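Trainee: Starting from these lines, generate the structure:
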Amino acid sequence: MRGDYQQLVDEISSALSAPATLEDRDFGLIAFGAHEGDDDEVMDPVRTRSILQRRSSAAVRAWFEAFGIARAKTALRIPPDPAAGVFKGRICLPVRHRGIVHGYVWLLDDGHLTDLALGGEGTPADPRIAQAMETAARIGALLADEARAGSELGDLLRELLHSAPGGRAAAAASLDDALRDSLRFTPGVPLALVAVLPWDTTDTDVAPLPSLPGLLAACALPAGAGLPDTGGAAPSAAAGAVTPPRDVRPEGRGTGADGGTGGATAGRTPPAAPAPVLAALVRLRSPGSLTPAHTVAEHLLRSPRAGAAPAAAGRADATEGRPRRGAARNGGATAGSGAAGIGTATQELTDLPAAWREALDAARAARAEPRLGAIAQWDTLGAYRLLTALPDASADPAVQPLLAPAHAELARTAEVFLDCAGQAGRTAQLLGIHRQTLYYRLGRVEKLTGLDLAEGEDRLLLHMALKSSRL
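Mentor: Residues are numbered from 1 along each chain as shown. From the prediction side, this is the model:
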């Protein structure tokens, strides 16, 4: 299938004597034509990154979409903008099928296409552009067929993940038959499930997922699907989600020394219901290698559908690829960003529902705990394997007062103290406060909760409550 795309892109490139690139609707690279000549500026930063990284950034996508490419039915001309990293102008050929845009063909214009008639508004297009648009329509039909096939596999995967134990064997058999028919699957190979949280499902005509090594099927699941003891419904939001112990600020910067209300809500993310999540089924090379699953997870996390909303339109190369301020230093997820989880590998399709719960819990843990990284494996979660399995419930009555927004700084202080195994010096250093200030805050925590931080069981209760409140 990908060879067909390459051949069609080469046809367009040859007809117009211009380097051509085919991307899907989410700006994921599908195929690109050869770049010939000695003009280095033809390979501007935007095209170079698209080819090397197999995807354009959200900023690049927003910049080009501002020209109306998503609504266009005829070829469009995009002017150069060196300040945005676009050294050469482009002609965009929308790739459509039955009115739905499935991607774009980009032609780099080194000047010889400037006077080419693109058509539209009653003006006939140059015959070469008309021929290129016909080829783009053929590409659109192929992408639509691929989307339909992928949608069918995704529906069967969703059915299996939602199936009750009694209907699991039948659902697994249906998915097995469909995978064999698609020539994507060999029985007995190890499989892994990747969960990406959150995933944008606002589009009703979802473009096909990228053709990645090992990616067999994918489907979006509703908010809260697969969470423990919720019956598939979205659990209630925990009262006062605790700010993770990161981006700690020195004392006096927007907070009072006693951890009172002065700026106590700074950095706090309001609690919200779980967002939709993507499930991706990946074929592994061997039972002990999760590399393909990590590759798929990394690619999906770069999609505009993963995590926070795409960046606003602006300079295409101004900040792309740079971590947001306050991001975890180990590359972990930040508040509002996407995270991925990988479940235990299995060779049996009937084991996928259990692997899905593990993958989803790993993704939830990665969002709650930046130190786990943006992609977390179930078997490396540590204590979060237990915390994610707990039923959704209100916080323990003793800890409930501490989770109020007014006591955000006290809650964070307590969590950092417990993360540091009760080492006061290390805690004070991480928080950027004096040790006496730390003792004062911990005293206030004890008064609010009635817990004794010198007692192991009380520490355990408080630590579990603070961690689980973010899940």
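
Trainee: Any stretches of the protein with poor pLDDT?
Mentor: For the chain, the stretches with pLDDT under 70 are 1-3, 33-58, 84-85, 149-150, 182-185, 203-211, 223-274, 308-336, 392-394.

Trainee: and the protein, what are its domains?
Mentor: Here the domain parsing of the chain from automatic domain parsing is 2-146, 148-246+271-387, 400-470.

Trainee: As CSV, those with mean neighbour count would be great.
Mentor: From N, CA and C alone the C-beta is placed, and that goes for glycine too. Formatted as CSV, the entries for the domains of the chain read as follows, by neighbours: other CB atoms under 10 Å:
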stretch, mean neighbour count
domain 2-146, 18
domain 148-246+271-387, 19
domain 400-470, 18
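
Trainee: what's the distance between Pro80 and Ala218?
Mentor: According to CB to CB, to the nearest Å, Pro80 stands 36 Å off from Ala218.

Trainee: go on, Gln423?
Mentor: 44 Å.

Trainee: How about Arg367?
Mentor: 19 Å.

Trainee: So Ser188, which state does it fall into?
Mentor: Just to correct that, residue 188 is Gly rather than Ser. With DSSP: H, G, I helix; E, B strand; the rest coil as the basis, Gly188 sits in coil.

Trainee: For it, which non-adjacent residue is closest in space?
Mentor: In space, and not counting its chain neighbours, Gly188 is closest to Gln347: 5.8 Å by CB to CB, 6 or more residues apart in numbering.

Trainee: Next one: the one you found from Pro287, what distance?
Mentor: 7 Å.

Trainee: Common neighbours of these two, please.
Mentor: Pro190 (CB atoms under 8 Å, 6 or more residues apart in numbering).

Trainee: can you pull out the strands in this protein?
Mentor: Assigned by DSSP state E, the chain shows strands spanning 20-24, 29-32, 76-78, 89-97, 100-109, 191-197, 215-221, 277-283, 339-342, 375-377.

Trainee: Please name whichever of those is nearest to Leu179.
Mentor: strand 215-221 (6.2 Å; CB to CB).

Trainee: then that closest one to CSV, C-alphas only?
Mentor: What follows is strand 215-221, C-alpha atoms only, in CSV (Å, rounded to 0.1, in the frame of the first residue of the first chain):
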residue,chain,number,x,y,z
LEU,A,215,0.9,-1.2,14.5
LEU,A,216,-2.0,-3.7,13.9
ALA,A,217,-5.1,-1.8,15.0
ALA,A,218,-6.2,1.1,17.1
CYS,A,219,-9.5,2.5,18.5
ALA,A,220,-10.6,5.4,20.7
LEU,A,221,-12.4,4.5,23.9
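
Trainee: What strands line up against that strand, and which way round?
Mentor: strand 277-283 (antiparallel) (DSSP bridges).

Trainee: how distant is the strand it pairs with from the center of its chain?
Mentor: Its chain's C-alpha centre and that of strand 277-283 lie 12 Å apart, by CA atoms, centre = their mean, to the nearest Å.

Trainee: what's the answer for stretch 61-72, then?
Mentor: Centroid displacement of stretch 61-72 relative to its chain, using CA atoms, centre = their mean, is 22 Å.

Trainee: and if you look at stretch 453-463?
Mentor: Distance, centroid of stretch 453-463 to centroid of chain: 35 Å (CA atoms, centre = their mean).

Trainee: Let me see the residues that make contact with that stretch.
Mentor: So stretch 453-463 is contacted by 396, 398-399, 402, 414-415, 417-418, 422, 442, 445-446, 449, 451-452 (CB under 8 Å, 6+ apart).

Trainee: go again using 6 Å as the cut-off
Mentor: Residues from elsewhere that reach stretch 453-463, judged by CB atoms under 6 Å, 6 or more residues apart in numbering: 418, 442, 446, 451-452.

Trainee: Kindly export that stretch (C-alpha atoms) in CSV.
Mentor: This file holds the C-alpha atoms of stretch 453-463, laid out as CSV (Å, rounded to 0.1, in the frame of the first residue of the first chain):
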residue,chain,number,x,y,z
LEU,A,453,4.0,12.0,60.8
ALA,A,454,6.2,10.2,63.2
GLU,A,455,4.0,7.1,62.9
GLY,A,456,4.6,4.8,59.9
GLU,A,457,1.0,3.9,59.3
ASP,A,458,-0.1,7.5,59.4
ARG,A,459,2.7,8.3,56.9
LEU,A,460,1.5,5.5,54.7
LEU,A,461,-2.1,6.6,54.7
LEU,A,462,-1.2,10.2,53.9
HIS,A,463,1.2,9.2,51.1
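
Trainee: Hmm, the residue nearest to Gly188 is touching Thr186, no?
Mentor: No: judged on CB atoms under 6 Å, Gln347 makes no contact with Thr186 at a distance of 10.7 Å.

Trainee: For the two, list the residues in contact with both.
Mentor: Counting by CB under 6 Å, 6+ apart, nothing touches both Gln347 and Thr186.

Trainee: Not counting its neighbours along the chain, what's nearest Tyr439?
Mentor: Distance criterion CB to CB, 6+ apart; nearest residue to Tyr439, sequence neighbours excluded, is Ala424 at 7.2 Å.

Trainee: any idea how far Lys447 is from Tyr440?
Mentor: Lys447 is 11 Å from Tyr440, by CB to CB.

Trainee: Also Ile139?
Mentor: Counting by CB to CB, the gap from Ile139 to Tyr440 is 66 Å.

Trainee: can you check Asp110 too?
Mentor: Taken as CB to CB, the span from Asp110 to Tyr440 is 68 Å.

Trainee: Also Gly338?
Mentor: With CB to CB as the criterion, Gly338 and Tyr440 are 38 Å apart.

Trainee: residues in contact with the spatially closest residue to Leu156 that is not a sequence neighbour?
Mentor: Distance criterion CB to CB, 6+ apart; nearest residue to Leu156, sequence neighbours excluded, is Leu175 at 4.3 Å. Shown in contact with Leu175 (CB under 6 Å, 6+ apart): 156, 160, 349.

Trainee: need these in CSV with distance to Gly68, can you?
Mentor: Formatted as CSV, the contacts of Leu175 follow (distance: CB to CB, whole Å):
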residue, distance to Gly68
Leu156, 37
Leu160, 40
Leu349, 44
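
Trainee: Closest to Ser468 out of the residues you listed?
Mentor: Among the contacts of Leu175, and counting by CB to CB, the member closest to Ser468 is Leu160, at 28.8 Å.

Trainee: So that closest one sits against Ala170, correct?
Mentor: No: between Leu160 and Ala170 there is no contact under CB under 6 Å: 9.3 Å.
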